[in-house]
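In: After the sequence you'll find the predicted model.
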Amino acid sequence: MRIIKRYTNRRYYDVTASKSIHLEDIADYLVNGEDIQIIDKSTGKDITSQVLAQTFIKIVTKNKSDDFKKFLFSSLIREVKTDISKLLLRFIQGGIGTELLSMEKIISIVEDFIGKGELKIQEKEQYLNEIVSQLYHHKDNLQEILLQKLLKSQPYLEWEEKEWREIESQFKNPT
């Protein structure tokens, strides 16, 4: 994981590479598949989400069509305001970011949804089944690799490997 510190003057310092960087560099790290963590130097607080949001806005607003920017931002606001758990499924359907998903990340996201009231605990199993279904039915090479990693990884919490195999067989041989 690449560690970046933000100083009070809003400058960013890549601890891993020992150099000052800009938001565009952060975007490049992400495009190259690197995990990053951004720490506020004065407070020690993890500010990764806030800086990623700033990075996203900077990238989208630079040399892009005004109509596209309005469409993108208004669509994201609508999706996040109504049901964020459906947005994750839509990203998976479109193959957005799936090459970077791991079982641990999916579990973390689902547990955050539950903890924040976006998803009910009773919906957890069905939601995970939907994720696996979307990965299988809308897969490309990267999604296929992820699906295989999910099915071969440690069993999900109380799930047994047998249950994962049953899910896999349901999608390979739909009835």
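Out: Yep, that arrived. Residues are numbered from 1 along each chain as shown.

In: Need the phi and psi values for the residue lying closest to residue 23 once chain neighbours are set aside.
Out: Closest residue to residue 23 apart from its sequence neighbours, by Cβ to Cβ, 6 or more residues apart in numbering: residue 55 at 4.6 Å. To be clear about C-beta, it is placed using only N, CA and C from the backbone, and glycine gets the same treatment. Here is the backbone geometry of residue 55 (degrees, to the nearest 10): phi -60, psi -40.

In: so how far is residue 12 from residue 55?
Out: Going from residue 55 to residue 12 by Cβ to Cβ, to the nearest Å gives 10 Å.

In: Common neighbours of the two, please.
Out: 23, 26 (Cβ atoms under 8 Å, 6 or more residues apart in numbering).

In: which is the next helix or strand following the lengthiest helix in the chain?
Out: Ranked by number of residues, the top helix in the chain under DSSP state H is helix 66-82. Sequence-wise, the next helix or strand downstream of helix 66-82 (DSSP states H and E) is helix 84-94.

In: Could you give me the buried positions within that next one?
Out: Of all the residues in helix 84-94, those buried under the rule 16 or more other Cβ atoms under 10 Å are 87, 88, 92.

In: Residue 64 should be in a strand, yeah?
Out: No. Looking at residue 64 with DSSP: H, G, I helix; E, B strand; the rest coil, it is coil, so not inside a strand.

In: Phi first, then psi, for it.
Out: phi -110, psi 160.

In: Over to residue 125?
Out: phi -60, psi -40.

In: I'd like to know how many residues surround the residue nearest to residue 23.
Out: Residues near residue 55, counting by other Cβ atoms under 10 Å, number 19.

In: what does the one 4 residues further on give?
Out: Applying other Cβ under 10 Å, we find 15 residues neighbouring residue 59.
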